[in-house]
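Engineer: The following block contains a protein sequence and its predicted model.
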Amino acid sequence: IHWLQEQRDQAGVVRGYVKWDYELRTNENIDQVVQRAFQVASTEPCGPVYLTLPTELLLEKMNEVRIPTVARHGAPSTAQADAAVLSEAATLLIEAKKPIIVAGDSGRKLQAVASLVELAETLGARVVTYPTRMNFPTTHPLCGGSDLNPYLKDADVLLLIDCDVPYVPAQGKPSPEAKVIHIGIDPAKRDIPMWVFPVDVLIEADSSKAIPALNKMIRQKIAPEKQTQFQTRFKKLQSEHRELFDGWRRSAVNKAEQKPISPEWLCHCINEAIDEDTILLNETVTNLPFATRLIHRARPGTFFSNGGTSLGWGLGGALGAKLAAPDKMVVTMVGDGSFVFGCPIPTLWAADVYKAPFLTIIFNNAIYQAPKEALRRAYGKEGVSGKTGPWVGMDIAPSPDYALIAQACRAYGQTVEEPSALPSALKDALEQLRSGRPAVLDVRIESPQSPLFTAKES
């Protein structure tokens with residue numbers, strides 16, 4: 001790449017999204033540079049690094065290639081919580097009348113899931129699990145779903161675990177009297193320019209280590225009468241969980257004949273079609289609330305969502321998941337905009353060539369719904385689009401034939417418009433995966449107002 005295509009600062013494009021970047025200046029220390037790159041990437045919080053290799057160096061002849069070793073350049077052990085601060089947190093949780101546990105990204109460590117289940121069961125505390133990982137089984141009776149707002153105002157103690165954005169203040173915030181505990185590898189969020197959520201007990205620790213220690217401390221502190229209170233609270237929350245999730249399921253089933261297809265019915269059908277070991281990736285944005293309510297994940301490492309701020313991750317993420325776990329079924333859910341941003345032609349081509357088939361389910365509402373809803377929320381009927389009708393740059397109509405795009409890449413492609421056809425379409429697509437062929441289902445859905453934008457401002 002030369003002249004007009006050459007960037008002055010290539011790494012500047014990604015510098016805000018990586019932990020470390022470096023431009024190789026000589027081939028003499030390439031082994032040390034690679035060692036450093038892997039060390040930084042694997043140090044908690046783990047993340048990507050970016051190494052630039054100038055063309056001039058790549059053209060140089062090397063007489064010797066030194067293979068880097070990580071034996072003495074590995075990642076450091078993670079921090080454990082201070083016992084005194086952990087004891088303070090334990091006391092607050094034991095004395096709480098309405099504790100809420102908010103799991104943000106704790107499920108990235110698979111062993112952390114069982115520890116969190118133990119903590120919730122010990123306290124009889126509801127858990128809200130944010131849809132970034134499988135942090136807490138959605139089938140567990142103490143799971144309160146992924147929406148914190150209904151419980152936020154009444155909570156007297158909040159335990160935040162690995163939360164980047166625990167809540168959106170415009171939609172709801174804790175009572176001023178509520179105590180807030182935050183456990184995380186970087187709970188002060190040093191890389192976020194402004195992070196101003198009030199916290200009473202800030203604990204810098206690896207949550208996969210801190211939660212087991214907290215469990216042990218709580219068991220040592222609990223009096224017999226408290227155990228009885230926790231058991232009573234557990235039974236109450238168990239009943240509420242059943243009522244909540246049964247209600248969501250009934251709502252979805254009641255829309256089984258609705259056309260265009262309801263996203264709730266689509267999510268219900270996905271839940272019925274996949275097994276508990278399937279790796280599910282999400283990039284649906286406005287339909288995410290329906291997915292978290294209706295698609296149940298109970299095994300660690302079986303759910304992933306985009307942790308960044310842009311779209312286009314879902315297809316590449318699914319390809320990577322399949323390459324990492326070739327024995328697992330991989331399904332990715334994307335919006336029609338996300339599908340286009342994900343560069344479907346090269347991704348599906350690579351999935352075919354490298355024998356890494358995955359199923360893409362397109363929630364095709366023929367619109368960029370998230371920015372449209374945000375504009376509608378900001379300007380209401382007073383904006384130009386609200387008054388005139390057309391939303392410039394938001395509509396994706398008429399919709400491209402995404403199934404044909406899949407077929408052009410030797411993948412299986414099918415468009416689904418009839419709600420009654422969904423179960424068989426999903427079954428057929430999964431059979432294609434088992435035969436080694438990537439698959440795309442273009443499901444034409446309605447575009448209801450997303451629950452993401454229906455919360456009342458407090």
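Structural biologist: Nice, I can see it. Values in this document were obtained by computation on a predicted structure and should not be read as measured data.

Engineer: Tell me which stretches of the stretch 301-450 of the chain form strands.
Structural biologist: Chain-ordered strands for the stretch 301-450 of the chain, with DSSP state E, counting those that start in this stretch as the definition, fall at 303-305, 330-335, 359-364, 412-416, 439-444.

Engineer: Of those strands, which is nearest G386?
Structural biologist: strand 330-335 (22.3 Å; CB to CB). Just so you know, the C-beta spots here come from the backbone N, C-alpha and C atoms, and that holds for glycine as well.

Engineer: That closest one relative to strand 439-444, how many degrees between them?
Structural biologist: Relative orientation of strand 330-335 and strand 439-444, computed by axes from the mean of the first three to the mean of the last three CA atoms, to 10 degrees: 30 degrees.

Engineer: On the three-state scheme, P198 is what?
Structural biologist: Under DSSP: H, G, I helix; E, B strand; the rest coil, P198 falls in the coil class.

Engineer: May I see the buried residues of the lowest-mean-pLDDT helix or strand in the chain?
Structural biologist: Ranked by mean pLDDT, DSSP states H and E, the weakest helix or strand in the chain is helix 384-388, scoring a mean of 77. For helix 384-388, the neighbour count (16 or more other CB atoms under 10 Å) marks S385 as buried.

Engineer: what's the answer for stretch 403-420, then?
Structural biologist: A403, I405, A406, C409, A411, Y412, G413, Q414, T415, V416, P419.

Engineer: Determine which two of these are furthest apart.
Structural biologist: The span of these, defined through CB to CB, is set by C409 and P419 at 27.3 Å.

Engineer: Helices along the stretch 1-150 of the chain, start to end?
Structural biologist: Along the stretch 1-150 of the chain, counting by DSSP state H, counting those that start in this stretch, helices occupy 30-42, 55-59, 83-95, 112-123, 149-152.

Engineer: burial of the residue nearest to L148 when sequence neighbours are not counted, as a residue count?
Structural biologist: For L148, ignoring the flanking residues on the chain, the nearest one in space by CB to CB, 6 or more residues apart in numbering is V128 at 4.7 Å. V128: 25 surrounding residues under other CB atoms under 10 Å.

Engineer: how is the chain carved up into domains?
Structural biologist: Domain ranges of the chain: 3-59, 83-244, 255-453, per automatic domain parsing.

Engineer: Identify whichever of these lies nearest to V70.
Structural biologist: Nearest of the domains of the chain to V70, taken as CB to CB: domain 3-59 at 6.1 Å.

Engineer: just to revisit the earlier point, could you dump the domains of the chain into JSON lines and include distance to I67?
Structural biologist: JSON lines is the format used below for those (distance: least, CB to CB, whole Å):
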{"stretch": "domain 3-59", "distance to I67": "7"}
{"stretch": "domain 83-244", "distance to I67": "29"}
{"stretch": "domain 255-453", "distance to I67": "23"}
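
Engineer: of all those, which lies closest to V65?
Structural biologist: Nearest of those (CB to CB): domain 3-59, 8.4 Å.

Engineer: ok now the closest one, how far from the chain's centre?
Structural biologist: With CA atoms, centre = their mean, to the nearest Å as the basis, domain 3-59 stands 27 Å off its chain's centre.

Engineer: pLDDT averaged over it - what is it?
Structural biologist: Domain 3-59 comes out with an average pLDDT of 90.

Engineer: How about residues contacting stretch 107-118?
Structural biologist: 101, 103, 106, 127, 129, 132-137, 140, 161-162, 206-208, 211-212, 215, 300-301, 303 (CB atoms under 8 Å, 6 or more residues apart in numbering).

Engineer: Any idea how far apart the tips of stretch 171-186 sit?
Structural biologist: Start-to-end span of stretch 171-186 (CA to CA, to the nearest Å) is 25 Å.

Engineer: returning to what we had before: among the helices of the stretch 1-150 of the chain, which comes closest to I345?
Structural biologist: It is, among those and with distance given as CB to CB, helix 55-59, at 27.2 Å.

Engineer: any idea how far I161 is from the residue positioned nearest the centre of the chain?
Structural biologist: Central residue of the chain (CA atoms, centre = their mean): T132, 2.0 Å from the mean position. Using CB to CB, to the nearest Å, we find T132 at a distance of 12 Å from I161.

Engineer: Between those two, which contacts overlap?
Structural biologist: G104.

Engineer: Verify the stated contact: A370 with V285.
Structural biologist: Yes - at 4.8 Å, A370 counts as touching V285 under the criterion of CB atoms under 8 Å.

Engineer: Quick check: longest helix in the chain by residues?
Structural biologist: Ranked by number of residues, the top helix in the chain under DSSP state H is helix 224-253.

Engineer: now the angle from that one to helix 112-123?
Structural biologist: Relative orientation of helix 224-253 versus helix 112-123 (the same axes, to 10 degrees): 120 degrees.

Engineer: Am I right that H296 falls within a helix?
Structural biologist: No - H296 is assigned coil when assessed by three-state DSSP, not a helix.
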